[in-house]
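Participant: Pasting the sequence and the predicted coordinates here, then a few questions.
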Amino acid sequence: MKRFSLPMLLAYGGFGLPLAMVALPIYVYLPQFYAARAGLSLAAIGAVLLTARIAAAFIDPLLGWWIGRGQGAYPRFVSIGLPLLLAGFVALFHPPALGTLASLVWFLGTLMLVYLGFGIATIAHQSWGAALTQAPAERSRVSGVREACGLAGVVLAAGVTGAAGYGALTIAFCVAVLIGAAVLLAWSPRAATSDTAPPSPVFRQMAVPFHEARFRSLFGVLMVNGVASAIPATLFLFFAADHLRLAAMSGLFLILYFGAAAVSIPAWVALAVRYGEARAWVGGMLLSCAVFIWAFGLAPGAAVAFGAICVLSGFAVGADLALPPALLAGVIAKAGHSGSREAAYFGVWNWGVQMTLALAAGISLPLLEWLGYVPGTGAGTSALVAAYALLPCALKLTAAAMLWRAPLRKL
């Protein structure tokens, strides 16, 4: 078995850092950014995010099918995605002064450009890593370094934005992505090229997992729990600014949250070994509910208490990061599809993740506007607090009940 050196692993996994620097801004910062900078209503922002994320959800499987037809030419696809990603990111966070309709068009167009470049680069990068080795221990090392670099990118994006704003974030991202791509393309180990036939049509591949009852159950939990997690992520900056009045500390809170998530993963893995992935994940969901009920009772200015909530909720989200992929691997093995159908399962899985993000924005932002919340004015903050804290609790409890009843405890 070939064992990759740490420099080789970092040459590959380091590209996860700039990719993660994209993920945090487009999932957390955008709603508040376009409400404040472009004066767009929450309903309009929610409609754009819903449209773009649904489009991305359907585009990503097509991109995966297209990249798969390249039969291992992953460096080429990374190179194709980077110019789109850079141009889209710069344009998205530096819009010109436009009217409302033109701002909406700019928002949607540049966001779709980001999603397109991000999708190509991310799918090619992840596929590259999966193709490097089939040895279980080495697969864990490859993915572990990539995810560690990704968490570092999230923390870096939060810290730079909180300390110096979106201009500094753009510069930091451009520098990181160019350095990361140069190292990846020059020094990362190469995957063996494939001589197999191109993959079957994408929608035929997507149908395969849904033939399995265990996957259908797990996918339902993913959708409900994913929306529950994405709603507070969408509303985080609004909650920190308009209810807690701690906007200046948002970057610190995000660093606490993601840092706790990173630290918690070994603990969730240990709990899964002892009690099973499904039971451990239910425990993570219940911990999230307790934490968000506490958040519902916070008064303005409660910086220490909200910092503790960020740490505890970050610890709970570690279960969402570590355990569902393990459950999915068990489902694939039970179905007898190991070594042949993983791409189909993970393609549908990523489609579901995109859909949860779309639904969270499409539901929460228009609902808040309808309930009278107006960012920056103090109006409707009670609705904001309920949507940030109580709605995710209701969804998490639903997901926990679904998971407890699902046939997933003997994988």
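Facilitator: Yep, that arrived.
Participant: The host helix or strand of residue 258 - what's its average pLDDT?
Facilitator: Per DSSP states H and E, residue 258 falls inside helix 250-275. When pLDDT is averaged over helix 250-275, the result is 87.
Participant: quick one: buried residues of it?
Facilitator: For helix 250-275, a neighbour-count test (16 or more other Cβ atoms under 10 Å) marks 250-262, 264-265, 268-269, 271-272 as buried. The way it works is simple: take the backbone N, C-alpha and C, and place the C-beta from them, glycine included.
Participant: Equivalent analysis for stretch 73-93, please.
Facilitator: 73-75, 77-79, 81-82, 84-86, 88-89, 91-93.
Participant: can you tell me which helix in this protein is longest?
Facilitator: Using DSSP state H, we find that the single longest helix of the chain is helix 136-187.
Participant: and that helix, what other elements does it pack with?
Facilitator: If you count contacts as 3 or more Cβ pairs under 8 Å, 6 or more residues apart in numbering; DSSP states H and E, helix 136-187 packs onto helix 6-13, helix 16-24, helix 74-92, helix 100-132, helix 250-275.
Participant: Rebuild those as a markdown table, extending it with distance to residue 352.
Facilitator: Output for these, formatted as a markdown table (distance: least, Cβ to Cβ, whole Å):
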| stretch | distance to residue 352 |
| --- | --- |
| helix 6-13 | 25 |
| helix 16-24 | 17 |
| helix 74-92 | 22 |
| helix 100-132 | 15 |
| helix 250-275 | 20 |
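Participant: Looking at the ones you listed, spot the one closest to residue 159.
Facilitator: Proximity to residue 159 (Cβ to Cβ) singles out helix 250-275 among the helices and strands packed on helix 136-187, at 5.8 Å.
Participant: helices or strands up against the closest one?
Facilitator: Using 3+ Cβ pairs under 8 Å, 6+ apart: helix 250-275 touches helix 136-187, helix 213-238, helix 277-296, helix 303-334.
Participant: what about the nearest residue to residue 41 once chain neighbours are set aside, distance to residue 74?
Facilitator: Spatial nearest neighbour of residue 41, excluding adjacent residues (Cβ to Cβ, 6 or more residues apart in numbering): residue 369 at 6.1 Å. Relative to residue 74, residue 369 is positioned 43 Å away (Cβ to Cβ, to the nearest Å).
Participant: any weak-confidence spans in the stretch 201-350 of the chain?
Facilitator: 201-203, 205-206, 337-344, 346-347 (pLDDT under 70).
Participant: Residue 64 and residue 123 touch, don't they?
Facilitator: Yes: contact criterion Cβ atoms under 8 Å: residue 64 and residue 123 qualify, at 5.2 Å.
Participant: related to what we said a few turns ago, out of the helices and strands packed on helix 136-187, which gets nearest to residue 354?
Facilitator: Using Cβ to Cβ, the nearest of the helices and strands packed on helix 136-187 to residue 354 is helix 100-132, at 8.8 Å.
Participant: can you tell me the average pLDDT over the closest one?
Facilitator: 90.
Participant: Also stretch 161-173?
Facilitator: 95.
Participant: got the contact list for it?
Facilitator: 18, 21-22, 25, 29, 33, 89-90, 93-94, 156-157, 160, 248-252, 254-255 (Cβ atoms under 8 Å, 6 or more residues apart in numbering).
Participant: please redo it, this time with the cut-off set to 10 Å
Facilitator: 17-19, 21-22, 24-25, 28-29, 33, 37, 85-86, 89-90, 92-94, 153, 156-160, 247-255 (Cβ atoms under 10 Å, 6 or more residues apart in numbering).
Participant: residues touching residue 98, list them.
Facilitator: By Cβ under 10 Å, 6+ apart, the contact set of residue 98 is 38, 104-107.
Participant: got it, and residue 75?
Facilitator: Here residue 75 is in contact with 124-125, 128, 181, 184-186, 188, 190-191 (criterion: Cβ under 10 Å, 6+ apart).
Participant: Which of the residues you listed sits closest to residue 384?
Facilitator: Nearest to residue 384 among the contacts of residue 75, counting by Cβ to Cβ, is residue 125 at 36.3 Å.
Participant: Provide a list of residues in contact with that closest one.
Facilitator: So residue 125 contacts 12-13, 15-16, 19, 74-75, 77-78, 81, 146, 180-181, 184, 188 (Cβ under 10 Å, 6+ apart).
Participant: mind running it again at 7 Å?
Facilitator: By Cβ atoms under 7 Å, 6 or more residues apart in numbering, the residues touching residue 125 are 15, 19, 78.
Participant: Three-state assignment for residue 95, please.
Facilitator: coil (DSSP: H, G, I helix; E, B strand; the rest coil).
Participant: Number of residues surrounding residue 364?
Facilitator: Neighbourhood size, residue 364 [other Cβ atoms under 10 Å]: 27.
Participant: Of the helices and strands packed on helix 136-187, give the one that comes closest to residue 384.
Facilitator: Per Cβ to Cβ, nearest to residue 384 of those: helix 250-275, 14.8 Å.
Participant: what angle sits between the closest one and helix 136-187?
Facilitator: Using axes from the mean of the first three to the mean of the last three Cα atoms, to 10 degrees, the inter-axis angle of helix 250-275 relative to helix 136-187 is 150 degrees.
Participant: how close does the closest residue to residue 264 other than its chain neighbours sit to residue 271?
Facilitator: Excluding the flanking residues, the one nearest residue 264 by Cβ to Cβ, 6+ apart is residue 318, at 3.2 Å. The gap separating residue 318 from residue 271 is 10 Å, by Cβ to Cβ.
Participant: cool, residue 384 as well?
Facilitator: From residue 384 across to residue 271, the span is 33 Å (Cβ to Cβ).
Participant: With distance to residue 45 added, can I get the helices and strands packed on helix 250-275 in a markdown table?
Facilitator: Listed next are the helices and strands packed on helix 250-275 as a markdown table, based on distance: least, Cβ to Cβ, whole Å:
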| stretch | distance to residue 45 |
| --- | --- |
| helix 136-187 | 16 |
| helix 213-238 | 10 |
| helix 277-296 | 23 |
| helix 303-334 | 24 |
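Participant: Most tightly packed of the ones you listed?
Facilitator: Highest mean neighbour count of the helices and strands packed on helix 250-275: helix 213-238, a mean of 22 (counted as mean count of other Cβ atoms under 10 Å).
Participant: Quick one: distance of it to the chain centre.
Facilitator: 11 Å (Cα atoms, centre = their mean, to the nearest Å).
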